[in-house]
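# Below is the structure, and that's it, no one-letter string:
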């Protein structure tokens, strides 16, 4: 009698939000291992399944370390539910010939919308006004609320002009902003002015929007020195990764009024927020939710199924992030 | 010895925010009467200056009634600091041959930005998240925050496609929304689909944005019936005038969850807010601040000076709102 070969197992780390939203549908199609459903410590869970794990599907905040990779001899594929892959040890993957793929452009527009929403919110003081109104601070006297600033005409510097950055540029261009950008290399077919360094970009910007990958090169790229050039009226929006900004220095600049405000969807030590910012009305904080829409979730589900199928059938993948 | 003739007096009602911001500059150029600086009741102040008042400069919330107009026999010009002129008795002005002018397109872009900001805020729950985060409600568990909706692909119905409506359309078009509109008449040179009635518009919309003038025809144009067609997922943004929406019915629909959310910069009985909405996170409230930016204020100052000069020199005015 033949035995049915066990389907290759996919270890789920996190789990990603999309996994929870579509768990039933996912589980009908693939053999997932769900460590959060056992009481075993993660390393013990992984050891006990190590022989069968061919792939990992991970959230943006679940580290895929050299240790995890090392304990999975059959691992051939890591699929991230995020655009950023800074939580994956890419060097170790490369060394082992493990393919790494990300969410591609699944939710680029949603993240761009969040960046624009945070920007308008900070500059036009929407959350602040909403809070004051709901706390019954409005007597019809204009003095209760300071004048805000116009969005149009502001010089917006975009840090990282990938899919998300391009969508941000399109949106703010339609609002009359003057766009320029910095990036590892100048983009062909893009007419927005390019600045080779963050220093050049910031000295030509009223507003900085961070939409680049977190790498060794971009870690703490935006520090106190950059922020002091941005200045007292300057605004920073971050929808990429917290650690691209030196958060300690960002907090200091905001508390001292050395920059004008910030809209932050990401933080250096998530899920921890810098609590010093809680009392500042010129700072708007959201919990890493740039990508979290129903539509993005559905589209990510399709993307993940397509790529896991391709991997299991040895077909070409979308969105490989390590060029083998 | 000749006496210097008294400069024609301009009665300031409100006063408009721009008047307070530029009072010194204004007062060097014109002979303003400032009733709020005396202890006299308004009607008494007006009576005592009635012979000399040639013009009124008024805020959006200062009624220019038939009674006020009737007590000023020399009145020839009413200049509003707002786009809307629903607070001015236009019939009486027409009868007396008094010219009425508004702020023109001085802050159309700012109001459009506010509409877009309120829309993103409500749909992507930015103010709500900011509030929860600052109240320390985030443990990294996604369950703390519901999935939101994608802006792109939504059908946005714009009520009134003047300068403000057109700027809103441009912005939301860049975000991938599907725009259509209703208006008194179909606009030439506009490619967005036109619906002749609010009923037709709402049955083709996921989101309604109100940017029309308040008139007898638009008063309570958006009522419970319209809102029920918009439905449980539908969102309303109002940056025009509160009374275009039946506020009592709007509150009822929001409280019962019969529509999905609202972003409101204007209210039917300003400065009163409907307090039932204070506890709803799907409702974002701002205090009639669509136009309140430093840049708009400066630009309005220039506009007001230009038009008062033109009036005093008998030259053509910009932005006459009554076609004589």
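That came in fine, so what should we check first? Only a predicted model underlies this, so the values are computations on that prediction, with no experimental measurement involved. Residues are numbered from 1 along each chain as shown, chains lettered A, B, ... in the order given.

# Could you give me the buried positions within whichever strand or helix holds residue A:25?
According to DSSP states H and E, residue A:25 maps onto helix A:23-29. Neighbour counts over helix A:23-29 (16 or more other Cβ atoms under 10 Å in any protein chain shown) mark residue A:26 as buried. Glycine gets a C-beta too; all of them are placed from N, C-alpha and C.

# how distant is whichever helix or strand comes after it from the center of its chain?
Going down the chain from helix A:23-29, the next helix or strand is strand A:31-33, by DSSP H and E. On the basis of Cα atoms, centre = their mean, to the nearest Å, strand A:31-33 sits 26 Å off its chain's mean C-alpha point.

# Over to stretch A:313-322?
21 Å.

# Can you give me the end-to-end span of it?
Start-to-end span of stretch A:313-322 (Cα to Cα, to the nearest Å) is 20 Å.

# How about stretch A:87-107?
Note: stretch A:87-107 ends 19 Å apart using Cα to Cα.

# Can you name the residues in contact with it?
A:58, A:60-66, A:69-70, A:75-85, A:163, A:290-291, A:293, A:296, A:299-300, A:303, A:307, A:311, A:317-322, A:324 (Cβ atoms under 8 Å, 6 or more residues apart in numbering or on different chains).

# give me the number of residues near the closest residue to residue A:229 other than its chain neighbours?
Leaving aside its sequence neighbours, residue A:229 sits nearest to residue A:202 (Cβ to Cβ, 6 or more residues apart in numbering or on different chains; 4.7 Å). By other Cβ atoms under 10 Å in any protein chain shown, 24 other residues sit near residue A:202.

# what do you get for residue A:316?
There are 8 residues near residue A:316, going by other Cβ under 10 Å.

# Quick check: residue A:230 vs chain B, distance?
According to Cβ to the nearest Cβ, to the nearest Å, residue A:230 and chain B sit 18 Å apart.

# so how far is residue B:164 from the residue nearest to residue A:63 when sequence neighbours are not counted?
Sequence neighbours aside, residue A:87 is the residue nearest to residue A:63 in space, at 5.0 Å (criterion: Cβ to Cβ, 6+ apart). Separation of residue A:87 from residue B:164 (Cβ to Cβ, to the nearest Å) stands at 44 Å.

# Any quick PyMOL command for the buried ones out of the contacts of stretch A:87-107?
Selection of buried members from those for PyMOL, criterion 16+ other Cβ under 10 Å:
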select buried, chain A and resi 58+60+62+64+69+75+76+77+78+79+80+81+82+83+84+85+163+290+291+293+296+299+300+303+307+311+317+319+321+322
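
# Those residues of the stretch 51-200 of chain A touching chain B, which are they?
Within the stretch 51-200 of chain A, the positions near chain B by Cβ under 8 Å from any Cβ of the partner chain are A:61, A:109-110, A:113-114, A:116-118, A:120-121, A:124-127, A:129-134, A:136, A:138-140, A:142, A:144-145, A:147-153, A:170-171, A:173-176.

# neighbour-wise, which of residue A:87 and residue B:164 wins?
residue B:164 (27 against 19).

# Quick check: pLDDT value at that one.
The per-residue pLDDT reported for residue B:164 equals 97.

# Same question for residue A:38.
Residue-level confidence at residue A:38 comes out at 94, pLDDT.

# same thing with residue A:4?
As predicted, residue A:4 sits at a pLDDT of 55.

# One more: residue A:320?
83.

# can you map out the strands along the stretch 1-150 of chain A?
Ranges of strands in the stretch 1-150 of chain A, per DSSP state E, counting those that start in this stretch, are A:9-13, A:31-33, A:53-58, A:77-80, A:99-101.

# Adding mean pLDDT, write those out as JSON lines.
Formatted as JSON lines, the strands of the stretch 1-150 of chain A follow (pLDDT from 0 to 100):
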{"stretch": "strand A:9-13", "mean pLDDT": "97"}
{"stretch": "strand A:31-33", "mean pLDDT": "96"}
{"stretch": "strand A:53-58", "mean pLDDT": "97"}
{"stretch": "strand A:77-80", "mean pLDDT": "97"}
{"stretch": "strand A:99-101", "mean pLDDT": "95"}
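
# what would these look like in JSON lines with distance to residue B:281?
Shown next, in JSON lines, are the strands of the stretch 1-150 of chain A (distance: least, Cβ to Cβ, whole Å):
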{"stretch": "strand A:9-13", "distance to residue B:281": "31"}
{"stretch": "strand A:31-33", "distance to residue B:281": "34"}
{"stretch": "strand A:53-58", "distance to residue B:281": "31"}
{"stretch": "strand A:77-80", "distance to residue B:281": "31"}
{"stretch": "strand A:99-101", "distance to residue B:281": "36"}
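
# okay, these, which one's buried deepest?
The highest mean neighbour count among those, using mean count of other Cβ atoms under 10 Å in any protein chain shown, belongs to strand A:77-80: a mean of 25.

# helices or strands up against the helix or strand residue A:167 falls within?
According to DSSP H and E, residue A:167 maps onto helix A:163-174. With contacts taken as 3 or more Cβ pairs under 8 Å, 6 or more residues apart in numbering or on different chains; DSSP states H and E, helix A:163-174 sits against helix A:108-124, strand A:155-159, strand A:178-182, helix B:163-174.

# Most tightly packed of the ones you listed?
helix A:108-124 (a mean of 28).

# Now do that helix, average pLDDT.
98.

# Point out the other helices and strands that it packs with.
helix A:163-174, strand A:207-210, strand A:235-238, strand A:261-264, strand A:283-285, helix B:108-124, helix B:126-134.

# again, only using 6 Å
Applying 3 or more Cβ pairs under 6 Å, 6 or more residues apart in numbering or on different chains; DSSP states H and E, we find helix A:108-124 packed against helix A:163-174, strand A:235-238, strand A:261-264, strand A:283-285, helix B:108-124.

# For residue A:210, find the nearest of the ones you listed.
Taking Cβ to Cβ, strand A:235-238 is the member of those nearest to residue A:210, at 4.3 Å.

# so how many other residues sit close to residue A:256?
Around residue A:256 there are 9 residues (other Cβ under 10 Å).

# what do you get for residue A:48?
So residue A:48, with other Cβ under 10 Å, has 12 neighbours.

# Against residue B:198, how distant is the residue nearest to it when sequence neighbours are not counted?
Nearest in space to residue A:48, with sequence neighbours left out and distances taken as Cβ to Cβ, 6+ apart, is residue A:40 at 7.3 Å. Separation of residue A:40 from residue B:198 (Cβ to Cβ): 60 Å.

# Just want to know which of these two has more residues nearby.
Between residue A:40 and residue B:198, counted using other Cβ under 10 Å, residue B:198 has the larger neighbour count: 23 against 12.

# Quick check on the more buried one: phi, psi?
phi -60, psi -30 (degrees, to the nearest 10).

# How about the contacts made by residue A:50?
Neighbour list for residue A:50: A:71, A:72 [criterion: Cβ atoms under 6 Å, 6 or more residues apart in numbering or on different chains].

# which residues of chain A score low on pLDDT?
Applying pLDDT under 70 to chain A picks out residues A:1-6, A:138-144, A:323-324.

# May I see the domains of it written out as residue ranges?
Following automatic domain parsing, chain A resolves into domains at A:9-106+A:294-312, A:108-285.

# first vs last residue of the first one, how far apart are they?
Chord length of domain A:9-106+A:294-312, first to last residue, is 10 Å (Cα to Cα).

# Measure how far that domain is from the centre of its chain, please.
The answer for domain A:9-106+A:294-312 is 17 Å, by Cα atoms, centre = their mean.

# Next: stretch A:225-234.
23 Å.

# End to end on it, go ahead and measure it.
By Cα to Cα, one end of stretch A:225-234 lies 13 Å from the other end.

# which residues touch that stretch?
Looking at what lies outside stretch A:225-234 - Cβ under 6 Å, 6+ apart - the contacts are A:198, A:202, A:203, A:253, A:259, A:260.
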